[in-house]
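*Asks:* The sequence and its predicted three-dimensional model are supplied below.
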2 protein chains.
Amino acid sequence: MAIDKSDQSVLTLDAIRAAHARIRDKIHRTPLLSSATLNEMTGKRLLFKCENLQKVGAFKARGATNAVFLLSDQEAARGVVTHSSGNHAAALARAAKLRGIPAYIVMPRNAPAAKQAAVRRYGGEVVLCEPTLASREATAREMLEKTGAAFIHPYDDLRVMAGQGTSALEMLEDAPELEAILCPVGGGGHLGGVAVAAKSLKPGIKVFGAEPAGADDAARSFRAREIQPLGEPRTVADGLRTSLGSKPFAEIMRYVDGIVVANDELILRATRMLWEILKLVVEPSGSLGLACLLDGAIPAREILPERIGIILTGGNLDLDRVPWQSQS
Amino acid sequence: MAIDKSDQSVLTLDAIRAAHARIRDKIHRTPLLSSATLNEMTGKRLLFKCENLQKVGAFKARGATNAVFLLSDQEAARGVVTHSSGNHAAALARAAKLRGIPAYIVMPRNAPAAKQAAVRRYGGEVVLCEPTLASREATAREMLEKTGAAFIHPYDDLRVMAGQGTSALEMLEDAPELEAILCPVGGGGHLGGVAVAAKSLKPGIKVFGAEPAGADDAARSFRAREIQPLGEPRTVADGLRTSLGSKPFAEIMRYVDGIVVANDELILRATRMLWEILKLVVEPSGSLGLACLLDGAIPAREILPERIGIILTGGNLDLDRVPWQSQS
């Protein structure tokens, strides 16, 4: 169903640089923050890339914007389609609105009302389907046939990956001294883009994925050197309950140094520390990088060098309560 | 009891500039963030100065650091004393630690354990007293006599006010186009410093204080042109349950254009919006500027020009639950 409109078969630094030039005036340049307390607790020198402060509250704004603005006028006129109930949905709706074209977002009927509302607030059209993969794909195909729109996959798409990789460009521009980058991994689009950008700019840098123990298909796939099934994910990090994509996996195998994991207790502990100490609202999925550096998450602390860039990928969650409350 | 060691009788831009040169490598340069959603909701163009991301989680780091580093070596050697159960306590302990001198922090016996722990974490000595003004002042006087330390008042002190005013210097450096600044007011040290800095740099700018309706002594004092008693404060904004100081009041009368107020419902609504939309953990006391711009908070929206700098003053609060939870 997904037709990749880019000519490339692999992701390149040039494509990521071009993406940055294309989207930089349409997204936030997010800050890199530090904390003496967190440095002391982890024994590292950490710089946090605040993609929770990004447009739509997540790095997904980068990839969706790049994909939408790469379309020719003729392609764009018919709009874009995706299936997503998460941050990519809102990001694609916003990017389409910026370009003045329609966005059709296929979401399961049981998707939270708040997520549907976010898409509509950005002018996207929510197309409901049954909460099964078959219905989701059939509904998306139907929309594609009906509208002639372009399909923009949330992560298995080089245009999207090029956009996501711009976060690493900014990190190395602002902090060229970084020796490692830790990036959460779900579908792998962000980690793949970050790895290409970082290793191309600074071959000696280490790039690690950070993944929930309860959805560790990327860690298993990395070890097996081929994509392993996700199985039934069980983790509080709802944004990372996603199967690794094949295009991201190819870049991950080429450039990533390893995938480290943390369990839900560590993820929630890290989330709370980010709120309490950094004063940032980060969703559990966005806290994986710090979670993997806490006591109990081995062996990331021993593997990793001193100066680490940690990407806080998003800050969208239900704020009726704090995420660690239901666990206590 | 407080002996002001500065020679000035009024606060000057020069003193604030000197403070900035003195403290700038000891504090964070906090970012100015914007949100298209909040602009749309308020009909203004807002820039948020993120002092919740400041060292110790509040602007108080500025004033305390300036006061501590203004002491002569001889004065400093005997340490510093204050009475505070809030952000000034941690800020003074941290500043003293940076200078390598003792800090004695008088706190009521019933001060939250977390606040006492914060002071100790920064190396401060907590001196407990009874939870009355008389005991607090007697205990502080006792410590001064015993140690010969310098007393650093949380706000009624020109050295502290000069430090707090540096937040406005940074705002106008980063966004010279600002037409107004909204700053929460409790004791008035921050608002006084901000007003002197902003009006001296840009005489046409408007400076407003933002105060809880349930602790509106600054608004009443401003109207009466003399300090009015606080009475019994009733507000969720615990950091602003403080009587206006006389030194801040003098600068406020000289430079401030008005004091606007918001009730607790608006304060909690604004707090939640800052968490949900800006992804920032801001304490209710830090949300006053936005609270005063929401529907129902009149007449701030009509008085104020379009481009407004809003100071988010702090982000320290108990995160066992969200602050609006107990209200629902």
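*Replies:* Received, thanks.

*Asks:* Looking at the host helix or strand of A:Glu40 now, give me its mean pLDDT.
*Replies:* Using DSSP states H and E, A:Glu40 sits within helix A:36-42. Average pLDDT, helix A:36-42: 93.

*Asks:* swap in stretch A:75-93?
*Replies:* Mean predicted lDDT for stretch A:75-93 stands at 94.

*Asks:* hey, which helix is longest across chain A?
*Replies:* Longest helix in chain A by number of residues (criterion: DSSP state H): helix A:133-147.

*Asks:* and that helix, what does it pack onto?
*Replies:* Secondary-structure packing of helix A:133-147 (3 or more CB pairs under 8 Å, 6 or more residues apart in numbering or on different chains; DSSP states H and E): strand A:80-83, strand A:103-108, strand A:125-129. The C-beta positions use only the backbone N, C-alpha and C, and glycine is treated the same way.

*Asks:* Output the second one in CSV with nothing but the alpha carbons.
*Replies:* The reference is to strand A:103-108. Taking C-alpha atoms only, strand A:103-108 is exported to CSV below (Å, rounded to 0.1, in the frame of the first residue of the first chain):
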residue,chain,number,x,y,z
ALA,A,103,-5.5,14.9,5.6
TYR,A,104,-7.4,11.7,6.1
ILE,A,105,-6.5,10.0,9.4
VAL,A,106,-7.7,6.4,9.8
MET,A,107,-8.2,5.7,13.5
PRO,A,108,-9.8,2.8,15.4
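
*Asks:* Give me the distance from that strand to the chain's centre.
*Replies:* 18 Å (CA atoms, centre = their mean, to the nearest Å).

*Asks:* ok, back up a step: can I get the CA coordinates of the longest helix of chain A in PDB?
*Replies:* In PDB, the C-alpha atoms belonging to helix A:133-147 read as follows (Å, rounded to 0.1, in the frame of the first residue of the first chain):
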ATOM      1  CA  LEU A 133      -5.100  -4.400  11.700                       C
ATOM      2  CA  ALA A 134      -7.200  -5.800   8.800                       C
ATOM      3  CA  SER A 135      -9.900  -3.100   9.100                       C
ATOM      4  CA  ARG A 136      -7.300  -0.400   9.500                       C
ATOM      5  CA  GLU A 137      -5.500  -1.400   6.300                       C
ATOM      6  CA  ALA A 138      -8.700  -1.900   4.400                       C
ATOM      7  CA  THR A 139     -10.000   1.500   5.400                       C
ATOM      8  CA  ALA A 140      -6.800   3.200   4.500                       C
ATOM      9  CA  ARG A 141      -6.700   1.500   1.100                       C
ATOM     10  CA  GLU A 142     -10.300   2.500   0.600                       C
ATOM     11  CA  MET A 143      -9.500   6.200   1.300                       C
ATOM     12  CA  LEU A 144      -6.500   6.000  -1.000                       C
ATOM     13  CA  GLU A 145      -8.600   4.700  -3.800                       C
ATOM     14  CA  LYS A 146     -11.400   7.100  -3.200                       C
ATOM     15  CA  THR A 147      -9.200  10.300  -2.900                       C
END
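
*Asks:* the helices in the stretch 101-250 of chain A, which residues?
*Replies:* A:113-121, A:133-147, A:158-164, A:166-174, A:189-201, A:217-224, A:246-255 (DSSP state H, counting those that start in this stretch).

*Asks:* tell me which strands and helices the shortest one is in contact with?
*Replies:* Contact here means 3+ CB pairs under 8 Å, 6+ apart; on that basis helix A:158-164 packs against helix A:13-23, helix A:60-70, helix A:189-201, helix A:246-255.

*Asks:* name the element the closest residue to A:Ala250 other than its chain neighbours belongs to?
*Replies:* Once flanking residues are discounted, A:Ala250 sits nearest to A:Val10: 7.0 Å by CB to CB, 6 or more residues apart in numbering or on different chains. Counting by DSSP H and E, there is no helix or strand that carries A:Val10.

*Asks:* residues near A:Val10, how many?
*Replies:* A total of 11 residues lie near A:Val10 under the criterion other CB atoms under 10 Å in any protein chain shown.

*Asks:* Against chain B, how distant is it?
*Replies:* The gap separating A:Val10 from chain B is 34 Å, by CB to the nearest CB, to the nearest Å.

*Asks:* And the pLDDT for that residue?
*Replies:* The predicted local confidence for A:Val10 is 93.

*Asks:* So it sits against A:Pro248, correct?
*Replies:* No. If you go by CB atoms under 8 Å, A:Val10 and A:Pro248 don't touch, sitting 11.6 Å apart.

*Asks:* Might you report the residue contacts of the residue most central in space within chain A?
*Replies:* What sits nearest the mean C-alpha location of chain A, by CA atoms, centre = their mean, is A:His190, with 4.7 Å. Applying CB atoms under 8 Å, 6 or more residues apart in numbering or on different chains to A:His190 gives the contacts A:Phe59, A:Gly63, A:Tyr155, A:Met161, A:Gln164, A:Gly165, A:Ser167, A:Cys183, A:Pro184, A:Ile311, A:Thr313.
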